[in-house]
Every structure is written in C-alpha cells, then in structure tokens.
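Chemist: Build the 3D model from these lines:
(one chain, ligands or ions: 1)
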Amino acid sequence: MTVRADVAELMRAGYGDRTIARRLNVSIGTVRRARAELQMPAGQPGPKSYGTPADVFWQRARPVDGGHMEWTGTVHQGTIPSLRHGGRRYSAYRVAFSIAHHRAPVGRVEPGCGHPGCVHPRHVEDRTIRATYTAIFGGTQ
Ligand SMILES: [Zn+2]
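Modeler: The predicted structure is shown next:
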C-alpha cells in the first residue's frame with residue numbers, strides 16, 4: 001500500500017491513531033495499516049500539549065477536497081496564515097515547510113499547488129525549491 005505523506009508526518013510527530021484519523025479525515029484502519037507498513041511505534045494516547053509550533057499547526061490545519069489543507073486559524077494581514085507559540089507569531093506556511101522538509105525555509109514560503117491558502121506541508125515551497133523547479137522545467141518569471 002501507499003502510505004499518505006500527511007499520515008506519516010503525524011505519526012512521526014508522535015500522534016495517536018485516533019487523533020490522526022480524526023484530524024486527516026481518514027479511517028482508523030487506514031492509519032493502523034500505515035503504522036504497520038512503516039513499522040512505526042504506537043503514538044501516545046491523550047491530548048497533546050502545544051509543545052512546538054508544529055503542534056499548534058496540526059490543531060489549526062484542516063484537510064479539504066483535493067488533498068489540500070486549509071488554515072482555520074488567524075490570517076495575518078489578510079494574507080499570511082499564522083499562529084502564535086511561546087509569545088511569537090509564526091507563518092503557518094513556514095511551519096508547514098519545516099514539518100515536511102526538516103529544515104528552515106529560505107526566503108518566502110507559499111503554496112505551490114495552485115490551491116490558494118493551502119498549508120499542506122508537502123504543498124508549500126520556499127525559494128530553494130522554486131529555483132530547482134525553474135531550473136528543471138523552465139520558468140515564466
Ligand atoms: Zn495544496
């Protein structure tokens with residue numbers, strides 16, 4: 001089977017099967033099969049604390065049709081989905097990027113999937129990724 005990337009991400013983040021299923025709107029069986037497939041240890045039951053900006057991110061991102069994720073939290077200046085953690089404001093795009101790529105983004109981060117406002121960790125791109133695509137496929141900008 002193919003394991004959905006967002007399911008795998010939440011398992012790596014330590015969430016339990018039920019939480020992942022609810023948050024990503026997939027069946028509990030899908031999550032359990034994915035966990036077996038990836039040989040991931042079971043998540044810890046119970047509510048998660050807001051330990052990191054990524055924890056807050058998963059509380060505010062909501063899956064929508066087409067495999068995208070929309071932001072249910074604050075939108076700073078009407079354009080940037082954002083969250084607060086530890087007294088700081090973070091761009092949800094940047095937090096999403098760090099979740100998927102395990103590094104800090106370079107330059108501006110924005111969705112590259114064509115779905116306005118999408119915060120899916122695998123759909124946001126930083127300058128490095130955009131430059132790579134442009135080098136491979138050519139660019140219009
Ligand atoms: Zn998207």
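
Chemist: Find the centremost residue of the protein, please.
Modeler: Pro121 (3.2 Å; CA atoms, centre = their mean).

Chemist: surely that one meets Glu9?
Modeler: Yes - with contacts counted by CB atoms under 8 Å, Pro121 reaches Glu9, the gap being 6.1 Å. (Glycine included, C-beta is placed from N, CA and C.)

Chemist: Overlap in contacts, these two.
Modeler: 99-100 (CB atoms under 8 Å, 6 or more residues apart in numbering).

Chemist: Could you check the longest strand along the chain against the ion for contacts?
Modeler: What stands out as the longest strand in the chain, according to DSSP state E, is strand 80-85. No - using CB under 5 Å from the ion, strand 80-85 never reaches the ion; the gap is at least 12.4 Å.

Chemist: what packs against the next helix or strand after that strand?
Modeler: Counting by DSSP states H and E, the next helix or strand C-terminal to strand 80-85 is strand 88-91. On a contact count with 3 or more CB pairs under 8 Å, 6 or more residues apart in numbering; DSSP states H and E, strand 88-91 meets strand 80-85.

Chemist: Output the strand it packs on as PDB, restricted to C-alpha atoms.
Modeler: What follows is strand 80-85, C-alpha atoms only, in PDB (Å, rounded to 0.1, in the frame of the first residue of the first chain):
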ATOM      1  CA  ILE A  80      -0.500  35.000   5.800                       C
ATOM      2  CA  PRO A  81      -1.900  32.100   7.800                       C
ATOM      3  CA  SER A  82      -0.200  32.400  11.100                       C
ATOM      4  CA  LEU A  83      -0.100  31.000  14.600                       C
ATOM      5  CA  ARG A  84       1.300  32.000  18.000                       C
ATOM      6  CA  HIS A  85       3.600  29.900  20.100                       C
END
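
Chemist: mind listing what it pairs with, with the direction of each?
Modeler: strand 75-76 (antiparallel), strand 88-91 (antiparallel) (DSSP bridges).

Chemist: From the chain's centroid, how far away is it?
Modeler: 13 Å (CA atoms, centre = their mean, to the nearest Å).
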